[in-house]
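[1] just to be clear, the model below is a prediction. Sequence and coordinates:
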Amino acid sequence: MAGGGSAPAMKMSDVFILIGVTFLIGGLFIHGFVSPVNVDAEAEAYTNGASLLPGDTIEFIIEVENQSTFEVEISDDDGNVEFFEQYSSVSGESVSIDFEADEKSFYSYSVNFTEGSGEVFVDVDRKLLFDFIIYPLGILCLIFGLAKRKDEKMNQSIDAVLEPRD
């Protein structure tokens with residue numbers, strides 16, 4: 001340590017508890033804080049991508065703020081256009097678009113407003129719930145750490161000063 005002192009070693013139980021809590025809180029941030037993106041005709045198209053397995057779906061929910069025309073394009077790893085549609089909507093209307101992957105690939109998507117503006121919300125639904133594996137792992141690490149801490153306390157020796165009786 002910088003001050004010349006020494007810190008006690010971190011116990012394995014504390015490490016597992018810390019990892020478990022980090023997994024659980026990190027999973028909540030990953031899945032809970034998805035916000036819509038504002039896109040308008042003057043700005044660049046909203047582009048992103050996702051790795052999908054067969055049967056996985058991407059759902060686009062687009063809420064337009066005024067009379068708008070927009071297009072949604074989805075292409076695979078090789079650049080082949082898998083989906084392309086143009087839409088016209090009036091103010092306050094919400095459009096939901098679903099795309100299901102036929103094969104395993106990285107799919108790039110873009111939403112481009114040619115006229116008007118709106119909010120784009122993208123939701124990826126996976127057939128296999130790989131995204132949620134972090135929760136059972138976090139719970140297992142946390143339970144193991146708590147059990148290990150309890151076991152360490154049970155096996156802890158009691159220090160006592162034994163004095164002879166006179």
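    Everything's here; your move.
[2] so who does Ile61 touch?
    With contacts taken as CB atoms under 8 Å, 6 or more residues apart in numbering, Ile61 has the following neighbours: Pro36, Ser94, Val95, Ser96, Val120, Phe121, Val122, Asp123. All C-beta spots, glycine's among them, are computed from the backbone N, C-alpha and C.
[3] ugh, typo on my part, it should be Asp78
    By CB under 8 Å, 6+ apart, the contact list for Asp78 reads Ser105.
[4] do you know how far it is from Phe106?
    According to CB to CB, to the nearest Å, Asp78 and Phe106 sit 10 Å apart.
[5] with Met10 instead?
    From Met10 over to Phe106 the distance is 39 Å, taken as CB to CB.
[6] with Asp14 instead?
    Asp14 is 39 Å from Phe106, where distance means CB to CB.
[7] one step back: who has more neighbours out of Met10 and Phe106?
    With neighbours defined as other CB atoms under 10 Å, Met10 and Phe106 compare such that Phe106 has more, 12 against 9.
[8] tell me if I am right that Phe16 is in a helix.
    Yes - using DSSP: H, G, I helix; E, B strand; the rest coil, the assignment for Phe16 is a helix.
[9] check contacts around it.
    Each residue near Phe16 by CB under 8 Å, 6+ apart is listed here: Cys141, Leu142, Phe144, Gly145, Lys148.
[10] not counting sequence-adjacent ones, nearest residue to it?
    Gly145 (3.1 Å; CB to CB, 6 or more residues apart in numbering).
[11] right, and the one you found touches Asp14 too?
    Yes - between Gly145 and Asp14 there is a contact under CB atoms under 8 Å: 7.0 Å.
[12] okay, now the unreliable bits of the chain?
    Applying pLDDT under 70 to the chain flags residues 1-5, 157-162, 166.
[13] show me what the single longest strand found in the chain is packed against.
    Using DSSP state E, we find that the single longest strand of the chain is strand 105-115. Helices and strands touching strand 105-115, by 3 or more CB pairs under 8 Å, 6 or more residues apart in numbering; DSSP states H and E, are strand 37-40, strand 46-52, strand 57-64, strand 68-75.
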